[in-house]
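**Q** sequence and predicted structure below; questions after.
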Amino acid sequence: MSGESLFSFFTDPILRGPTIGCMLMSLAAGLVGVILFLRKQSLIGEVLSHAAYPGVMLGVLVAGLFSITENEESLLSILILAGAFLTGSLGLWAIQLLQKKMRVSNDAALCFVLSTFFGVGVTLASDVQFSFTPLYRQVMTYLYGQAATMTDVHIVIYGTLACVVVLIILWFYKELQVMTFDAEYAKSLGIPVKSLDLIVFVLVTLSVVIGIRSVGVVLMSAMLIAPAVAARQFTHHLSVMLALAAFFGMTSGFFGNYFSVRLTESLALAYPATRMILPTGPMIVLVAGAISAAALLCAPERGWLVRLWRASVLASEERGR
Amino acid sequence: MERGPLFNPYHGETFWGFLLEFGRRMGALLIGRLSFDQLVSDEIQVLVLIGISISSSLIGTFLILRRMTMLANSLSHTILIGIVLAFFLTSASLRGQGEIPPMEIMLVAALATGFFTAFLTEFLTKTVKLREDASMGLVFTNLFALGVMLVTLLTRNAHIGTEAVMGNADALHKSDLSWVYLIVSCNLLLFALFFKEFKLTTFDPALAYAMGFSPSLFNYLLMTQISATTITSFRAVGVLLVLAFMTGPPLAARLFTHDLKIMLVWAVLLGSCCALMGVAVTRHILTIYGAALSTSGVVVCTILFVYLSTAAITRVAIIWHRLVGNASI
């Protein structure tokens, strides 16, 4: 029975939008997260996702100016994605500028860009609320994400973007590998490090932009970090790590949806009056967090509990001798 | 409950008129000609925002110099759990819709979640041996996700979640004013009392440790101050925008000074100016053009503008110096 109900998440016309959309999002985020994790830039996703927020609002403002209504889903989505991509890249560029030209330390640059861009977003949001009130409700979903209302249109858009991310990573796999582990060596090999950096930035921005619809700007960074952390516990190989991160990402994307739908159903049965709804975005993040917590504690070789256990076995052997 | 005066002295004022009238009324408040109860909503807003920027600028200066600003980012995210728990604990007795729990409880909850966050992050870094940026990111995103989940489940009012993140400067009360200034005085007192210790642990933690001042003790003290400042300002500016108050003015001040004391003073001055200007611009320029923008957002935009213009001025000054220097040689 459970097998059948799991499968229904991919076929049911209402459930398949959020499920497949979230899985595609987590796939892209997991892959890009690995690169960021190895480059020690995990927190950049956090900044980017916040920096994308004013872009979302810009997209909506443009939509409002051209009197696009909230019913034209695909056009609105594309405008919002374009805006998010624009300000996301602007945020990344601002971080670089602050660090290189203004000699601001890494953490302060991240925090400053994150909060000021978000502030601009809040300002634009209040303008949207005032000028284009019908669109505002639609827009608010981008703050915490709203997977439940995703449709087949979203599958197409996010599927294309996720494919682009996967293809770029496959295409530049060798170069990325060399550059991630030894930038100097990569330079000596004649690999254009600067343009590859740019490609990584495009990848990060793309993956964040894909995610803001389903998990929202404030939670997106989790999907860049958690799968990579979990994958790192099991392997020393980049290719395996990428595959594992993609797998963990998709698993959390799926089970986040599954739990949110099933638990909402059972809550509705238990307390019919209250209309409790478990939001999907945070659920996906929590599933991903649980996976990485389990990996951190129990992974063979590197898990903390495993290491503790090995140490105690070793100590008892010493005593026995 | 007392109602505010029906007559708003700032009604119909221009931008400069607002600033003049505000200065006049604040002067009257200081010499006792105007009582605390007679403050109107604009003044409460300005004063609260100025208080927030004083606290944040002081804390932010040390955070930037200690490279700890991402800790503030973590704490401001996880504080949402504290807010939700405070709602949950008090909702049994209050029950009113949109009723906010008393600040004492929120303060305790915020401090508790702050310590929990720091503890968990440190556990992942030191014991489980996960890299610092990843463990920080892992902890706060998951706690924040839990917070969002609890908000939607327990309060069934997504409004609170939105307001916690975005702030709502138009719904401030006089009680907010006293809480904000209580925290301001605590921060001022702590930094005045332990200025030497803070300075030493910031610039030379090893020496500080050798002299018997534990740097981690001051880290935790600073962390407590972050939590307290964030929780008192979340109603006005939201838990995320307070980060702009913490980073913007000190970074701008850092551009033209190398002296810690001068940097603190300039950060506070710039922060307060941004708060005042932000409100003035929102209320008395933008409304003329029919734009009703969020005050907290505009204040953050002002901070961004002030930083950018300070950066531009210092760059131009450097280039000019070089040109003049070359010409004289």
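**A** Looks like it came in fine. Residues are numbered from 1 along each chain as shown, chains lettered A, B, ... in the order given.

**Q** can you tell me the closest non-neighbouring residue to the residue in the stretch 51-200 of chain A that chain B sits nearest to?
**A** Using CB to the nearest CB, residue A:119 is the residue of the stretch 51-200 of chain A that sits closest to chain B, at 2.6 Å. Quick note: C-beta positions are derived from backbone N, CA and C, even for glycine. Spatial nearest neighbour of residue A:119, excluding adjacent residues (CB to CB, 6 or more residues apart in numbering or on different chains): residue B:300 at 2.6 Å.

**Q** I'd guessed the one you found sits against residue A:126; true?
**A** No. If you go by CB atoms under 8 Å, residue B:300 and residue A:126 don't touch, sitting 11.8 Å apart.

**Q** more crowded one of these two?
**A** Using other CB atoms under 10 Å in any protein chain shown as the criterion, residue B:300 and residue A:126 rank with residue B:300 on top: 32 against 22.

**Q** any idea which helix or strand carries that one?
**A** helix B:295-328 (DSSP states H and E).

**Q** equivalent analysis for residue B:234, please.
**A** helix B:215-254.

**Q** next, the closest residue to residue B:15 other than its chain neighbours: phi, psi?
**A** Excluding the flanking residues, the one nearest residue B:15 by CB to CB, 6+ apart is residue B:284, at 4.7 Å. The phi and psi values for residue B:284, taken as degrees, to the nearest 10, are phi -120, psi 0.

**Q** how about the helices in chain B?
**A** If DSSP state H is used as the criterion, the helices of chain B fall at B:15-30, B:41-65, B:69-94, B:103-122, B:132-150, B:158-166, B:174-193, B:195-203, B:205-210, B:215-254, B:260-284, B:295-328.

**Q** what helices or strands is the shortest one leaning on?
**A** Here helix B:205-210 is seen to pack against helix B:195-203, helix B:215-254 when contacts are counted using 3 or more CB pairs under 8 Å, 6 or more residues apart in numbering or on different chains; DSSP states H and E.

**Q** sorry, back to before: pull the contacting residues for the residue nearest to residue B:15.
**A** Shown in contact with residue B:284 (CB atoms under 8 Å, 6 or more residues apart in numbering or on different chains): B:10, B:13-15, B:17-18.

**Q** name the member of the residues you listed with the most neighbours.
**A** Among the contacts of residue B:284, residue B:18 has the most neighbours (other CB under 10 Å), with 22 neighbours.

**Q** and that one, how far is that from residue A:183?
**A** Residue B:18 sits at a distance of 54 Å from residue A:183 (criterion: CB to CB, to the nearest Å).

**Q** now do residue A:256
**A** Distance of residue A:256 to residue A:183, computed by CB to CB: 35 Å.

**Q** quick one: contacts for whatever residue of the stretch 201-329 of chain B ends up closest to chain A?
**A** Chain A sits closest to residue B:300 of the stretch 201-329 of chain B, with a gap of 2.6 Å, by CB to the nearest CB. Counting by CB under 8 Å, 6+ apart, residue B:300 touches A:115-116, A:118-120, A:122-123, B:237, B:241, B:244-245, B:248, B:278.

**Q** go on, residue B:190?
**A** By CB under 8 Å, 6+ apart, residue B:190 lies in contact with B:221, B:225.

**Q** pLDDT score for it?
**A** With respect to pLDDT, residue B:190 scores 90.

**Q** quick one: low-confidence ranges for chain B?
**A** B:1-9, B:11-12, B:91-101, B:154-164, B:169, B:286-291, B:326-329 (pLDDT under 70).

**Q** could you redo the last one with a cut-off of 50?
**A** B:1-6, B:94-95, B:97 (pLDDT under 50).

**Q** residue contacts, the residue lying closest to residue B:186 once chain neighbours are set aside?
**A** Of all residues not flanking residue B:186 in the chain, residue B:228 sits nearest, at 7.1 Å (CB to CB, 6+ apart). Residue B:228 makes contact with B:107, B:110-111, B:183, B:186 under the criterion CB under 8 Å, 6+ apart.

**Q** buried residues in stretch B:251-260, which are they?
**A** Using 16 or more other CB atoms under 10 Å in any protein chain shown as the test for burial, stretch B:251-260 gives B:251-255, B:260.

**Q** now do that stretch: distance to the chain's middle.
**A** 19 Å (CA atoms, centre = their mean, to the nearest Å).

**Q** return stretch A:296-304 as PDB; C-alpha atoms alone will do.
**A** Below are the C-alpha coordinates for stretch A:296-304, written out as PDB (Å, rounded to 0.1, in the frame of the first residue of the first chain):
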ATOM      1  CA  LEU A 296      27.500  13.400  10.800                       C
ATOM      2  CA  LEU A 297      26.800  11.100  13.700                       C
ATOM      3  CA  CYS A 298      26.700   7.700  12.200                       C
ATOM      4  CA  ALA A 299      28.500   7.600   8.900                       C
ATOM      5  CA  PRO A 300      31.100   4.800   8.700                       C
ATOM      6  CA  GLU A 301      34.700   6.100   9.400                       C
ATOM      7  CA  ARG A 302      33.900   9.800   9.800                       C
ATOM      8  CA  GLY A 303      30.700   9.700  11.900                       C
ATOM      9  CA  TRP A 304      31.100  11.200  15.400                       C
END
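
**Q** now the angle from the longest helix along chain A to helix B:132-150?
**A** Determined from DSSP H, the single longest helix within chain A is helix A:238-270. Helix A:238-270 runs at 20 degrees relative to helix B:132-150, counting by axes from the mean of the first three to the mean of the last three CA atoms, to 10 degrees.

**Q** helix or strand next in line after helix A:238-270, which one?
**A** Heading C-terminal from helix A:238-270 (DSSP H and E), you reach helix A:280-298.

**Q** and that following helix, average pLDDT?
**A** The average pLDDT within helix A:280-298 is 87.
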